[in-house]
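Fold the stuff below for me.
(one chain, ligands or ions: 1)
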Amino acid sequence: MKGSIGVFDSGYGGLTVLKEIVKKLPAYSFLYLGDNARAPYGSRSFDTVHQYTLQCVEWFFNQGCSLVILACNTASAKALRTIQQKDLPLIAPSKRVLGVIRPTTEVIGSYTQTNKVGIVGTSGTVSSGSYPIEIAKFYPTIKVFQEACPMWVPLIENNEYNNPGGDYFVQHHLKNLLNQDADIDTLLLACTHYPLLIEQLKKFTPAHIKIVSQGDIVAKSLVDYLKRHPTMEEQCLKEGTIDFYTTDSTIDFNNKATIFWGDKVHSKHADIS
Ligand code: DGL
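Numbers count the residues shown, from 1 in each chain. Sure, this is the predicted structure:
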């Protein structure tokens, strides 16, 4: 039986990725789940992020999805490997779960001239060391500098980013990052929420630094994955539909999701327990 492609985030951030995926694959059907009831994930332990993410992945499987994208760096950093290596072989050996870190690290070398890349992400993503480890596999000469920005997701989730308070925290973390090395020429937004801050980031980042968002990168990588995995591609429903689910209030989700999605969203409640 065919199923939608699942796209997961702890909250709203994955919508910035889904938007780019739908532009490239409009014929496919998608199921989005935001675990808003338990977001943010950024400051939670490995075990907790793994447990929450696995429950959500199982929910997608129960909805008939064969392919799930973790459009969340924190979940990709802290849960993906265990899910792929330990959980999937036991619970659903023919299904696949992909993340956002690998596709991003594969191409990051094409953005930098100085071989110095700055990364902003949640505390969880930064402390996992996933980006420096993965980038070293593809580009051993690139030096990676990281800065955890624990306030950015709560500011975005509460729609409190586009004001002087938001400006303060954006500048504060950018300064911490850029002070680590004057030759950083690429700023990777390693959190799917951060594209919402793009105007502020542009305002406070020196013009020669390229700001890289993941949506388009992950979308291109999915197109390529489906070409390379025809058996999986055949299991993907192509009715051009998008269904939105949240583990929290649908009213709140519909109101806030519009900021990320750019259009009205009608969500349904998902009971994850
Ligand atoms: N959007 C998620 C990410 O890409 C993080 C949000 C959170 O802290 O829950 O890391």
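
where along this protein do the strands fall?
5-9, 30-34, 67-70, 96-98, 116-121, 143-148, 186-189, 210-212, 242-246, 267-269 (DSSP state E).

Which elements pack onto the third one?
Read it as strand 67-70. strand 5-9, helix 46-62, strand 96-98 (3 or more C-beta pairs under 8 Å, 6 or more residues apart in numbering; DSSP states H and E). Using the backbone N, CA and C atoms, a C-beta is placed for each residue, glycine as well.

Direction included, what does that strand pair against?
According to DSSP bridges, strand 67-70 forms sheet pairs with strand 5-9 (parallel), strand 96-98 (parallel).

Output the ones you listed in a markdown table, with distance to the ligand and mean pLDDT appended to each entry.
A markdown table is the format used below for the strands paired with strand 67-70 (distance: least, C-beta to the nearest ligand atom, whole Å; pLDDT from 0 to 100):
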| stretch | distance to the ligand | mean pLDDT |
| --- | --- | --- |
| strand 5-9 | 5 | 98 |
| strand 96-98 | 14 | 98 |
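
Could I get the ones you listed in TSV, plus columns for mean neighbour count?
Shown next, in TSV, are the strands paired with strand 67-70 (neighbours: other C-beta atoms under 10 Å):
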stretch	mean neighbour count
strand 5-9	28
strand 96-98	21
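
and these as a markdown table, adding distance to T231?
As requested, the strands paired with strand 67-70 are arranged in a markdown table below (distance: least, C-beta to C-beta, whole Å):
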| stretch | distance to T231 |
| --- | --- |
| strand 5-9 | 15 |
| strand 96-98 | 10 |
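
returning to what we had before: which stretch among the helices and strands packed on strand 67-70 comes nearest V170?
Smallest distance to V170 across those (C-beta to C-beta): 20.9 Å, for strand 5-9.

what about the closest residue in space to I184 that isn't next to it in sequence, how many neighbours?
Leaving aside its sequence neighbours, I184 sits nearest to G118 (C-beta to C-beta, 6 or more residues apart in numbering; 4.2 Å). Using other C-beta atoms under 10 Å, the number of residues around G118 comes to 25.
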